[in-house]
Each structure stands twice: as C-alpha cells, then as structure tokens.
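Engineer: A predicted structure for the sequence below; I have some questions about it.
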Amino acid sequence: MCGVFGIMGHPEASRISYLGLYALQHRGQESGGIAAVDGGAMFVERGMGQVADLFDEACLDRLPGRSAIGHIRYSTAGSSKLQNAQPIRIESRRGAIALGHNGNLVNAEALRRALEDNGAIFTSTSDTEVILHLFARSQEETVEDALVDALGRVQGAYSIAALTPTQLLAARDPNGFRPLSIGHLEGAWVVASESCAFDLIGAEFIRDLEPGEVIVLDHDARAEGESIDIVAAGAGGAAPGYVSHQPWADRARKSCIFEHVYFARPDSELYGDAVMGARKRMGLTLGAEAPVEADVVVPVPDGGVYAAQGYSEATGVPFELALIRNHYVGRTFIEPRQSIRHFGVKVKLNPVESLIRGRRVVLVDDSIVRGTTSGKIVEMIRAAGAAEVHVRISSPPYVSSCYYGIDTPRREDLIAANHSLEEVREQIGADSLAYLSLEGLRASVTGEDESYCVACFTAEYPTPLSDDLSTQMELFTPAGAGPASTPR
Ligand code: AMP
C-alpha cells in the first residue's frame, strides 16, 4: 500500500510531485519523500508523516530541477521508520539512482539473505532495497538494462518509478498487480499510481503501463517503440521522449481486484475502468443477489458509498447517508495496533439517529477483514434505534492474506477464513449477512475473468509464494542467465 509519482521535463517538477503525492495520500500515510535532479545533481527529502506536514516551501526549494519522483508509504514489508521511507537513493557505478516502489516482493527475504551472505550491507528493512542491490551488482552496461536485469530476479508485485540524473524509468511487474499510469502535462511526462493524481495537476491521462512494461524517459527525444507523438508545449525546452520495452515474455495480467473494491480512489480510472462505476455495479449485483426487506440502505463511508447506491437502485430501498465520517481521523488501519483499531471506529463514524430509529437498516460496506469494524458499526446502528440491521458486503469473503502489497492481517486473524457465514453474522451481531459472489465481483469490473488477481478471495496465488532459497543459486549467475522471468 504505497503510491508512486514521477515527472520529467517540467520547471516545477518537485512542486508538481508534491501535489501528485497529495492526491495519492490515501495509498499510504506513514512516510513520504521526493527525489529531484538538477544539472546532474540529485536531491532527496524524506520524512515520516503525511505530505502536507512533510513538505514546506523551504523543503521544496531544496528539490530543484525539471525531473522528480515521489513516494508515499504504508509499510507492508519492513517496519515504519525513516530508513524505510522512499524514494531510496543510492550511488552506483552508473551514478546516482533513486527508487520508489509500490507492491510487495515475494522472494525478497531469500534474495536479501543471499546478498548479505555475499557482503551486501542494507540500510533499511524494506524489500525495495533488494532491487537496488541487484541493480548495483548487475553486469549490464546501461541503467535501463541493469534495472531490467534486477527486476528479472525479483518475484511478486512492483510498480516503480526510478530517477537518475538523466532518466526517469517506470516499470510494472509482469503480472501488473499494482496500477501505474502515464500522462502528459505541458510538455512533460508524468507517471502515477492512480489517475486521480493527474486530475489534480491538470495532466492528461494517456494510458496504463502494460504488465511487464518498462518505460524509459530521457531528455533526448527518442521516438521508438510505442512512443506517443505529442508535440512539446512546455516552457523551457523540448519534451523528453519515451521508449517502451517489454523485456519479459511470460506476462499474465493479474491486476489486483481489491484496488477496485476498496483501495483506489473512486475518482480514479483503473485498469481501463472508472473505480466508482465498478463499485456501483458491485452494489447493483449485490442487490440482485442478496435483496432484503428493509426501509433504508446506509453506506459505511467512504468505501461503501457507491456500492450502497447500486444496492439501493437494484432493490428500490431508499439510500440515506446515515453514518457520518469524521474526515480528520486517519483510516483505522493506519494504526496497526489492535487496541487502537477499536478506538478508531468510534472516533471515525457517528450515526444520524433520526434516519435510523425504528427502521430496518441495510448496512453496505466494501469488505470485512478482521470483523472488528463491522461489529462496532452494527452495535452503533442498533444503539441508534434500528429495528433490524442487515449487512451486505460488496466483495466476497476475504479469506487469504495478500502477498502483493495490500496490508492484510495473518490468515488466523481473517474472520471469514476461520468462520462460517453464520458464525460471522453472529459475531458481528447482524440480523442477516450476505457477500457479493466472486462471479458477481468479476462481472462488475471490465476485462477477462483471468485478468485479475483474486487471491484474497480464493487463496489461489498467481505466483509462487515461497521465499525459496534456490534463488541464491540464480543470484550470482551472469546477467541474463538466471532471472526469475524469461527475458526476451
Ligand atoms: P475489519 O473487518 O475490522 O478488519 O475492517 C474492515 C474495514 O476496513 C472495511 O470497512 C474496509 O473498508 C477496511 N479495509 C479494507 N481493507 C483493509 C485492509 N487491508 N486493512 C485495513 N482495513 C481495511
């Protein structure tokens, strides 16, 4: 759960990055940073906390230049501390490089052990640093080839932006687990985890990066491959061009469906689909699959809002915003300690009694993970005088942990993994409970059935998960001879 941003060829690169990160803040609130290059020199500012608190005018003034990348982080691998904040910047024999990464590598531990056995010194516990070590050790000549070499040796999920004094590189793993899009702003190229970042800065959305695609942007306008011919209009010189590579032959799209269910912002365009449209369709399908006699449909904000609208439309039961969210409280899951999580629900949501008293309520939420939130909310709705509380969830039972970058508790803490539907209903105290079917969820998003990762609902993981020590064998073979994916 992180967000990445990058811009090349804009006179206010770091300020635009700051705004881009602002729009991506929902993807992580723990730490953030921006790296910028100016005349061959690289500058990095990182810190703990949210974008608005991290950067001020003076800080952004320390990030001059026409190219920058930014990152915001919620830790899924590695703990929450400043050393793990990104972008991570290193010096290599190819010069300086800074890297921001969204996603989780599944073989990072084994690679790290192998690297450490061979003398590598790590400065962080984040899996992202593994990529940089592999990059530094690569025998390939150019930055782009060395990065591709490094990425070929890792497995799992990555959407990355990397910055060197002359280039900005963006890449999506061969399964395309996490989103990454490219856009255009006043003669500059921008990349961002979600298109809502383009909206804020006034950039034009061009397209998603393809799974396995590596894009190289530099100041020499190279027009090859899939380059898009856009006339440069920016102040201060020509727009850099970009070159697109597809270095891996074995690509199979497995985009995270949970981004659509919960994680992405509803105003983003994700995998070719408007997120809010997909959420509404989930609600429409849920209404058709699991209707109930009731007086009012109430969303759990913010995640349940569009699904509740769809549910209301499908069933004819009126929609009311009867739970009010305090927007000045962070998401409950940002506080990883169970004791604070309980507290967070009470602080975050308050029911409007006049809309609830004496009524049969359908409560619509996007997911039940541990089950603690739903239980507290059902309790609150009852305390506000509801006659009945029916819970409808716009995704299937969440039964298995994510290893690709969504922060999920261990399997033993996932309520649906360990309890029947009836047991979950009883535990959360609802009069009835129904989830959207997997087929219903798939029908609500565009794309082929097979093009989404649905492992959190099925426990069928699209890649091996084992942190297999055999990777050690591959690590020090000559470049190109032993990467995890087949290079083309
Ligand atoms: P709980 O069942 O108490 O774990 O909380 C589930 C609620 O948290 C749902 O309403 C979701 O909107 C939200 N949520 C979804 N995914 C996650 C996640 N990975 N971590 C924390 N909260 C999440």
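Structural biologist: It's in. Every value quoted in this text rests on a predicted model; they were computed, and no experiment measured them.

Engineer: Using the record's assignment, carve this structure into domains.
Structural biologist: 2-254+468-487, 272-458 (automatic domain parsing).

Engineer: Just give me the longest helix of this protein.
Structural biologist: In the chain, with assignment by DSSP state H, the single longest helix is helix 275-289.

Engineer: next helix or strand past that helix?
Structural biologist: Next helix or strand after helix 275-289 toward the C-terminus (DSSP states H and E): strand 296-299.

Engineer: Low-confidence bits of the stretch 351-488 of the chain, can you list those?
Structural biologist: Filtered on pLDDT under 70, the stretch 351-488 of the chain yields the residue ranges 466-488.

Engineer: should've said the chain
Structural biologist: For the chain, the ranges with pLDDT under 70 are 75-78, 219-240, 330-344, 466-488.

Engineer: tell me which parts of it are close to the ligand?
Structural biologist: For the chain, the residues in contact with the ligand (C-beta under 6 Å from any ligand atom) are 262, 300, 303, 333, 365-374, 406-408. Placement of C-beta: from N, CA and C, glycine included.

Engineer: Let's see that with 5 Å instead.
Structural biologist: Neighbours of the ligand within the chain, by C-beta under 5 Å from any ligand atom: 262, 303, 333, 365-373, 407.

Engineer: Most neighbours among those, which one?
Structural biologist: If you count neighbours using other C-beta atoms under 10 Å, the busiest of these is Asp366, which has 26 neighbours.

Engineer: returning to what we had before: and the longest helix of the chain, what does it pack against?
Structural biologist: If you count contacts as 3 or more C-beta pairs under 8 Å, 6 or more residues apart in numbering; DSSP states H and E, helix 275-289 packs onto helix 305-315, helix 438-444.

Engineer: Only the buried residues of it, if you could.
Structural biologist: Buried residues in helix 275-289, counted by 16 or more other C-beta atoms under 10 Å: 275-287.

Engineer: swap in stretch 445-453?
Structural biologist: Buried residues in stretch 445-453, defined by neighbour count with 16+ other C-beta under 10 Å: 445, 451-453.

Engineer: where along the stretch 251-400 of the chain do the helices fall?
Structural biologist: Here the stretch 251-400 of the chain has its helices, by DSSP state H, counting those that start in this stretch, at 258, 275-289, 305-315, 338-348, 353-356, 372-383.

Engineer: Which elements pack onto the fifth one?
Structural biologist: Helix 353-356 is packed against strand 296-299, with contacts defined by 3+ C-beta pairs under 8 Å, 6+ apart.

Engineer: before we move on, back to that, Ser244 is nearest to which of the helices of the stretch 251-400 of the chain?
Structural biologist: If you check each of the helices of the stretch 251-400 of the chain against Ser244 by C-beta to C-beta, helix 275-289 wins as the nearest, at 25.1 Å.

Engineer: Quick one: residues in contact with the closest one.
Structural biologist: For helix 275-289, the surrounding residues in contact (C-beta atoms under 8 Å, 6 or more residues apart in numbering) are 259-261, 264-270, 305-315, 364, 366, 392-395, 434, 436-437, 440-441, 443-446.

Engineer: cutoff 6 Å now
Structural biologist: For helix 275-289, contacts defined as C-beta atoms under 6 Å, 6 or more residues apart in numbering pick out 260, 264, 266, 268, 306-307, 309-311, 314-315, 392, 394, 436, 440, 444-445.

Engineer: Type out the ChimeraX command that picks the buried ones from those residues.
Structural biologist: This is how ChimeraX selects the buried members of the contacts of helix 275-289, with burial counted by 16+ other C-beta under 10 Å:
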select :260,264,266,268,306,307,309,310,311,314,315,392,394,436,440,444,445
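
Engineer: so Leu323 makes contact with Leu349?
Structural biologist: Yes - contact criterion C-beta atoms under 6 Å: Leu323 and Leu349 qualify, at 5.2 Å.

Engineer: ok, these two, which is more surrounded?
Structural biologist: Leu323 (25 against 20).
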